[in-house]
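Trainee: turn this into a model:
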Amino acid sequence: MKTKTKFALALLLIVLATSAIGQDACPCVPVSHVWTVTSCETWNCAASAVVLANGDPYTFSLPTASTQRPWIVMKRIVAGTATDSGSDSYQVEAFDNMSAASARFGAITTDYHPMMMSTPDGMTLVASLRSAEPKQRAVKR
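Mentor: Numbers count the residues shown, from 1 in each chain. Okay, the predicted model is just below:
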């Protein structure tokens, strides 16, 4: 009788252990990310944004060819935590591969000051002005 009890208890433990292994600890939802861009008028603005990121490898600043907004800050955020208000002078588009990004970069005229860069997460970004910057005359009258 003792062997039957030990066998039943061992069988019960095996059933409980395998059912616990089959269940996930959490019903995790994959998190997606989006890239944002913020333009700055001074280096101090761009440097402050990078300092406030506290070493985040997905936040960096870049110089631009724009005379009005000579610096931009690129930042990767969790999708859904912020929206693009459209008020910033720059916009960013993210691509999974270089060929799609190159095609988009080539389609943007130089008046929009396009920039293409790769990021630590493997994405290729194309940043450009939302509206063309007015051309300045070489000779003022």
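
Trainee: so, low pLDDT: which residues of the protein?
Mentor: 1-2, 4, 7-25, 27, 136-141 (pLDDT under 70).

Trainee: do a quick rundown of the strands in it.
Mentor: Ranges of strands within the chain are 33-40, 59-63, 71-78, 90-95, 115-118, 124-129, based on DSSP state E.

Trainee: any chance of the ones you listed in TSV, with mean neighbour count and distance to Lys135 too?
Mentor: In short, each C-beta sits where N, CA and C put it, glycine included. What follows is the strands of the chain, written out as TSV (neighbours: other CB atoms under 10 Å; distance: least, CB to CB, whole Å):
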stretch	mean neighbour count	distance to Lys135
strand 33-40	18	19
strand 59-63	16	20
strand 71-78	19	21
strand 90-95	18	18
strand 115-118	16	19
strand 124-129	22	13
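
Trainee: can these go into a markdown table with extra columns for distance to Ala53?
Mentor: Listed next are those as a markdown table, based on distance: least, CB to CB, whole Å:
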| stretch | distance to Ala53 |
| --- | --- |
| strand 33-40 | 12 |
| strand 59-63 | 4 |
| strand 71-78 | 7 |
| strand 90-95 | 16 |
| strand 115-118 | 17 |
| strand 124-129 | 16 |
